[in-house]
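> please work out how this folds:
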Amino acid sequence: MAAILALAGSNSSTSINFKLVQYTTSLVQTHDIQEINMAKHPYPMFSEDDEKQNGYPDALVELKNIVQQADALILSVNEHNGNPSAYFKNVLDWLSRIDRKFLEGTKVFLMSTSGGKRGGIGSLGVIENMLPRFGAEIVSTFSLPSFHENFGSGAIVNAEFKEEHLTALDTFLETLQ
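Down below sits the predicted model:
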């Protein structure tokens, strides 16, 4: 049984990406899952000056330790202007300064969603290219477009997207056997 960490790259209390993460984890039956709601975790903006003067914030060292204890990661990234949110990029900046290979050996199911027709695909692409630099193995990806039309009552309601999501999730889970 693998230890899976699940989170969204959003600090919004109403994050649709976190809703997608929660739906995804509800489908996983055979592994230990820890969900983190990032809306409850404010972090300071990364600054080399701050790093030199104060070192690493305890909360980010703790997050790095949680990430490194996991065998795998379910992550859904939000999108601002075609890129990951400043919040999530900031988290990655801090974590990679604490330990450049903080995701070494971690298998990742990478997702995104948005209210628009592109489904956060720009942000997904940026993060898909970035995470391997930190040691991650992107096993599968999934993007859900038009969240408010394709998701309801805590689940994907569009049959085609539901099947695509399940296939990507199964591919990810198979690598954890």
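> burial of Arg118, as a residue count?
15 (other Cβ atoms under 10 Å). Where C-beta positions appear, they are placed from N, C-alpha and C, glycine not excepted.
> just say helix, strand or coil for it.
What DSSP: H, G, I helix; E, B strand; the rest coil gives for Arg118 is coil.
> got the phi and psi for it?
In terms of degrees, to the nearest 10, the main-chain angles of Arg118 are phi -90, psi -10.
> which pLDDT value goes with it?
Looking at Arg118, its pLDDT is 96.
> hang on, it packs against Pro145?
Yes. If you go by Cβ atoms under 8 Å, Arg118 and Pro145 touch, sitting 6.3 Å apart.
> any idea how far the residue of the chain positioned farthest from its centre lies from Ser47?
Going by Cα atoms, centre = their mean, the residue of the chain most distant from its centre is Gln53, 29.7 Å out. Distance check for Gln53 against Ser47: by Cβ to Cβ, to the nearest Å, it reads 9 Å.
> repeat that for Gly82.
When Gly82 is compared with Ser47 (using Cβ to Cβ), they lie 25 Å apart.
> try Lys107
Going from Lys107 to Ser47 by Cβ to Cβ gives 32 Å.
> compare those two (neighbour count), which wins?
Ranked by neighbour count (other Cβ under 10 Å), Lys107 and Ser47 place Lys107 first, with 21 against 11.
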